[in-house]
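Peer 1: build me a model from this:
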Amino acid sequence: MKLTLGPLQYLWPSDRWRDFYFEIADEAPVDVVVIGETICSKRLHFMEAELAAVIDRLESAGKDVRLSTLALVTLEREANYQRALAQEDSRLVEANDLSALHLLKGRPHTVGPFINVYNAAAARVLASNGATAICLPPELPAASVATIARTCPDIAVEIFAFGRMPLAISARCAHARSKGRTKDNCQFVCQEDPDGIAVNTISGQPFLALNGVQTLSHTCQALLEHSDEWAAQGVGSLRLSPQTCDMVEVSWAFRKVLTGEIEPAQALARLRDVYPDIPLSNGFHHGKTGAEWVARLKNARDLTE
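Peer 2: Alright, predicted model coming up:
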């Protein structure tokens, strides 16, 4: 079973962004690292100066580096960026928008969780287009994941196993508006919230998070308790989405569960320690409300409350 580190969804300062990936290269037991701006093209210049050094460090450490496309294209310059990225011939490109699928047709590529793949028929179409792997959307229940993996042996299936779940992308920036600014004059206010900004209900209960033009779950999906089933179902990789917590420790928790060194309950306790302020959830995996925690192991519920 492989571990994949998905693209950073938030805006971090250039030096923090670089140092994060250097640490991943040197210390994290992940096999694949997907890198690149996925949420907002205005953020691209924050990583451009460091991108080559980061890729070199990751590949020197033996990581398989893939490049992510934008998840929403609304401007000509964004379309041009997608076209240029699609010409990459030394690394796999992860498509996170339908425009990228069109550009990558007939060439090996992967598909990220921003493209809705809800059944085996869709997965087979993507495979015929050239996709070699799919990270399924985090809202898919386990039964659907198993069906897709079992009936599509020609494409590697990955599940979104850790992180705040991507729910929606908008052409407008609610994050900027929440701070009295517009998208065109945002002044990169999303950088003030390196893990997203909470959206509360009228009663004050947090239930979503804003990240620029993106809407995420408030809870952090954590799929650890079913590791004994994934390989049998045909799942080949687990995706970890970067948060402001210690992602090296997160990746080791998952790796040690996969190798049998620790029990899932122990790993959940570690996740709770390294990311204490955000509740864990696995409701979607069980066909329930995504923010729920469905305990499988004795006392597992206590670890998430």
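
Peer 1: what's in contact with the lowest-mean-pLDDT helix or strand in the chain?
Peer 2: Sorting the helices and strands of the chain by mean pLDDT, DSSP states H and E puts helix 227-233 at the bottom, at a mean of 80. Applying Cβ atoms under 8 Å, 6 or more residues apart in numbering, the external contacts of helix 227-233 come out as Met1, Ala142, Val145, Ala146, Ala149, Arg150, Ile159, Leu238, Val257, Leu258, Pro264. Every residue, glycine included, has its C-beta placed from N, CA and C.

Peer 1: let's go with 6 Å and repeat that
Peer 2: Residues outside helix 227-233 that contact it (Cβ atoms under 6 Å, 6 or more residues apart in numbering): Ala146, Ala149, Val257, Leu258.

Peer 1: now that helix: buried residues?
Peer 2: Residues of helix 227-233 classed as buried by neighbour count (16 or more other Cβ atoms under 10 Å): Ser227, Trp230, Gln233.

Peer 1: related to what we said a few turns ago, between the contacts of helix 227-233, which is nearest Ile35?
Peer 2: Taking Cβ to Cβ as the measure, Leu258 is the one of the contacts of helix 227-233 closest to Ile35, at 22.7 Å.

Peer 1: I'd say the closest one and Met1 touch.
Peer 2: Yes - if you go by Cβ atoms under 6 Å, Leu258 and Met1 touch, sitting 5.0 Å apart.

Peer 1: pLDDT score for Val32?
Peer 2: pLDDT, Val32: 98.

Peer 1: then Arg301?
Peer 2: 44.

Peer 1: ranking the contacts of helix 227-233 by neighbours, who comes first?
Peer 2: Ala149 (25 neighbours; other Cβ atoms under 10 Å).

Peer 1: following the chain onward from the strand or helix carrying that residue, which element is next?
Peer 2: Here Ala149 sits within helix 142-151, counting by DSSP states H and E. On the C-terminal side of helix 142-151, the nearest following helix or strand under DSSP H and E is strand 156-169.

Peer 1: off-centre distance for the following helix or strand past that following strand?
Peer 2: Counting by DSSP H and E, the element after strand 156-169 in chain order, helix or strand, is helix 174-178. Remark: helix 174-178 is offset 22 Å from the chain centroid, using Cα atoms, centre = their mean, to the nearest Å.

Peer 1: strands along the protein, start to end?
Peer 2: For the chain, applying DSSP state E gives strands covering 2-5, 32-35, 64-68, 93-95, 109-111, 131-135, 156-169, 197-200, 206-211, 214-222, 235-240, 280-281.

Peer 1: helices or strands next to the first one in the packing?
Peer 2: Okay, so that is strand 2-5. Judged by 3 or more Cβ pairs under 6 Å, 6 or more residues apart in numbering; DSSP states H and E, strand 2-5 is in contact with strand 235-240.

Peer 1: returning to what we had before: of all the strands of the chain, which one is nearest Arg177?
Peer 2: The closest of the strands of the chain to Arg177 is strand 206-211. By Cβ to Cβ, the value is 9.4 Å.
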